[in-house]
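Novice: Mind folding the following:
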Amino acid sequence: MFTWGPKYLIGLSVMAWISALAYGLITGGDIVGVLSYGFKGGVGDHLGYTLLQALFAVTAVLSGVLFTNRDGESETLAKIAGTEVVPEVTAPTAPSYWGALAAAGVACLMLGVAISSVFLYLGIAVILVVAIEWLSLAWSDRATGDPETNSAIKDRLLGPIEIPMLGSLGIAAMMIGISRIFLAVSKIGAVVAGGIIATVIFGTAVALAQTDAPRKFISAAVAGLAVMVIGGGVVGAIAGERDVHGHDDDHSEEDDHSEDGESTEEGLLINE
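Specialist: Modelled structure (predicted):
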C-alpha cells in the first residue's frame with residue numbers, strides 16, 4: 001500500500017514527464033525526439049525540456065526512496081537497519097550555509113539565462129559544489145553519535161578535494177565579477193576600479209591575518225567581499241560592455257586610406 005509521500009511524488013513525476021513531452025512538441029520537437037531524449041530527432045526548446053525532465057528524475061528517485069522506507073515508519077526503518085528497535089537519530093550540530101549558497105547558484109542560473117552565459121556556467125558550478133558538500137554533511141552528521149567524530153570523518157573524506165574545489169569556485173566567481181566590472185566602465189574607470197578592488201582585498205587579508213578573529217568572522221568577511229564583487233559584476237553585465245576599439249580598426253582604416261590612394265593614382269594614370 002502506498003503512503004502519502006510516494007503518492008504525491010509519483011503524481012508529480014508523471015505530471016512533469018507528460019509536461020516535458022508536451023512542451024517539447026509545442027516548441028518544435030518531434031515525438032521520436034522527445035521520447036528518446038534527443039537521441040533521434042529534436043526536443044524543441046532545450047532549456048524548458050531539460051528542466052521538466054530533471055524534475056521528473058528527481059521526483060521519481062525521491063518517490064522510490066520514500067516507498068522503500070514507507071515515509072520513515074519506525075518498523076520499516078528497524079527492518080532495514082536489521083535491529084529490533086529504530087536506530088537513534090543524531091540531530092545535526094553544525095550550522096549549514098549550503099542552502100543560502102544553493103539559492104545563490106539558482107540566482108546565477110537565472111542571471112545567466114537573462115544576461116550573460118558566464119553566470120550560467122557559474123551557477124552550474126555553484127550548484128554542483130553545493131550538492132557535493134551538502135550530501136557529505138548530511139551523511140557525516142549521522143555517521144556516529146559523536147559530533148566531533150562526525151566532523152573528523154567529513155574532513156578526512158572531503159579534505160583532499162574540498163579546499164581546491166572551494167578555492168577554484170571562489171577564484172572563478174571573483175574573476176567573473178571583476179571582469180564584468182572592467183568591461184562595463186571606461187579604460188580609466190577600469191584602472192581605478194582595479195586599484196580599489198585590489199586595495200580592499202589586500203587590506204582585508206592583512207587585517208584578518210593580524211587579528212585573532214574567529215573562523216566565522218573570517219568566513220563572513222570573505223563572503224561579504226565576494227557578494228560585493230559579484231554584485232558589481234551583475235550591475236556591469238546589465239549595463240553592457242563598452243565599445244572596445246582595437247588595433248584591427250586602426251589597420252582597417254589605414255587599409256581603406258591606402259586603397260583610396262591607390263585608386264586615385266590608378267585614375268590619374270588612366271586619365272594621362
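Novice: so where's the stretch 151-272 of the chain shaky on pLDDT?
Specialist: 213, 215-216, 219, 242-272 (pLDDT under 70).
Novice: Which elements pack onto the helix or strand where Ser168 lies?
Specialist: Assigned by DSSP states H and E, Ser168 belongs to helix 147-184. Applying 3 or more CB pairs under 8 Å, 6 or more residues apart in numbering; DSSP states H and E, one finds that helix 147-184 contacts helix 117-140, helix 187-210, helix 215-239. (C-beta placed from N, C-alpha, C; glycine too.)
Novice: Let's see that with 6 Å instead.
Specialist: Contacts defined by 3 or more CB pairs under 6 Å, 6 or more residues apart in numbering; DSSP states H and E place helix 147-184 against helix 117-140, helix 215-239.
Novice: tell me which residues in that helix are buried?
Specialist: Neighbour-count burial for helix 147-184 flags 150-151, 153-154, 158, 162, 165, 169, 173-174, 176-178, 180-184 (criterion: 16 or more other CB atoms under 10 Å).
Novice: State the pLDDT value of Ala125.
Specialist: Per-residue confidence (pLDDT) for Ala125: 87.
Novice: Any idea how many residues pack against it?
Specialist: Close neighbours of Ala125, defined as other CB atoms under 10 Å, add up to 17.
Novice: what's the closest non-adjacent residue to it?
Specialist: Closest residue to Ala125 apart from its sequence neighbours, by CB to CB, 6 or more residues apart in numbering: Leu169 at 5.9 Å.
Novice: how many neighbours does the nearest residue to Glu133 once chain neighbours are set aside have?
Specialist: Counting by CB to CB, 6+ apart, Trp98 is the residue found nearest to Glu133 once chain neighbours are left out, at 5.6 Å. A total of 17 residues lie near Trp98 under the criterion other CB under 10 Å.
Novice: Quick check: Trp98 touching Val130?
Specialist: Yes. Contact criterion CB atoms under 6 Å: Trp98 and Val130 qualify, at 5.1 Å.
Novice: Now render the helices and strands packed on helix 147-184 as a markdown table, adding distance to Tyr49.
Specialist: Shown next, in a markdown table, are the helices and strands packed on helix 147-184 (distance: least, CB to CB, whole Å):
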| stretch | distance to Tyr49 |
| --- | --- |
| helix 117-140 | 16 |
| helix 215-239 | 26 |
